[in-house]
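Participant: From the sequence below, what's the structure:
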Amino acid sequence: MVKSPPGAPRPRRRAHFVSHEIAEYAIAAAVIAAGAHASGGLSHEFLVAGCLLGALNLSSKAPLGLFKVIGRHAHHAGDILIAVFLAASPFFGFVKGDIVSILCSEALAVLLIAIEQSTRYVDKKVVPTAVTETNLVDTPGASGSQNPMLASFGPIASRTVRTSARHLGILTGISRRTIRARKAQRSEQSTPSS
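Facilitator: Coordinates of the predicted model:
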């Protein structure tokens, strides 16, 4: 495990995209409900933002997406655009001078950006350990997906195969040295000394 130098900031853990989706569905529902009960420009702004957020989540290629049209990076860009819309709405006159409406709009924009910053948009890829019949040790560039039976091994099983192969190599080397030593002894005994 690689450790960062002392005093360096720790890398932040990012949430899975599914938790991001759940949070955005909840925010979209809350914003639509708040927009339905609010009055003035805030109600229209919240209704539009909530509907856009809900539509973006429904159309994303993700576990909780319904239509699976938009990829995760496009979803990320859409969330940023919705946050920019919310942050810039007081400047364009969507929210009319009410300080509470402006604060609600800005707080929602900050919340969306915070969710964006804490989400992992790319899943970590698990690289299967390469184990083949000809080479039982990991080789660079080889993949376990060539043989489906070997690709189904978990990390513990692949480690067991590697250590077993290593031990088998050690035993093979010991037996070869022993055979060579016995052959050398026999050849010394069979040759007459002059």
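Participant: Please identify the buried residues of whatever helix or strand L86 lives in?
Facilitator: Secondary structure from DSSP states H and E places L86 in helix 72-88. Judged by neighbour count using 16 or more other C-beta atoms under 10 Å, the buried positions of helix 72-88 are R72, H75, H76, G78, D79, I82, A83, F85, L86, A87. Bear in mind the C-beta positions are built from the backbone N, C-alpha and C, glycine included.
Participant: Mind putting the residues you listed into CSV with pLDDT and distance to R180?
Facilitator: Shown next, in CSV, are those (pLDDT from 0 to 100; distance: C-beta to C-beta, whole Å):
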residue, pLDDT, distance to R180
R72, 86, 60
H75, 90, 65
H76, 89, 64
G78, 92, 70
D79, 92, 69
I82, 92, 75
A83, 92, 73
F85, 89, 79
L86, 88, 79
A87, 88, 78
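Participant: sorry, back to before: other SSEs contacting the helix holding L86?
Facilitator: Secondary-structure packing of helix 72-88 (3 or more C-beta pairs under 8 Å, 6 or more residues apart in numbering; DSSP states H and E): helix 41-58, helix 99-117.
Participant: Return the most buried member of those helices.
Facilitator: For the helices and strands packed on helix 72-88, ranked by mean neighbour count under the definition mean count of other C-beta atoms under 10 Å, the leader is helix 41-58 at a mean of 20.
Participant: before we move on, back to that, which among the buried residues of helix 72-88 gets closest to A165?
Facilitator: Sorting the buried residues of helix 72-88 by distance to A165 puts R72 at the head of the list, at 39.1 Å, by C-beta to C-beta.
Participant: three-state assignment of the residue nearest to the closest one when sequence neighbours are not counted?
Facilitator: Nearest residue to R72 in three dimensions, chain neighbours excluded: Y121, at 4.7 Å (C-beta to C-beta, 6 or more residues apart in numbering). Three-state call for Y121 (DSSP: H, G, I helix; E, B strand; the rest coil): coil.
Participant: contacting residues around A34?
Facilitator: F46, C104 (C-beta atoms under 8 Å, 6 or more residues apart in numbering).
Participant: And for the one 3 residues further on?
Facilitator: In this structure, H37 makes contact with S43, judged by C-beta under 8 Å, 6+ apart.
Participant: can you rerun that using 6 Å?
Facilitator: In this structure, H37 makes contact with no residue, judged by C-beta atoms under 6 Å, 6 or more residues apart in numbering.
Participant: Quick check: it vs S105, distance?
Facilitator: 15 Å (C-beta to C-beta, to the nearest Å).
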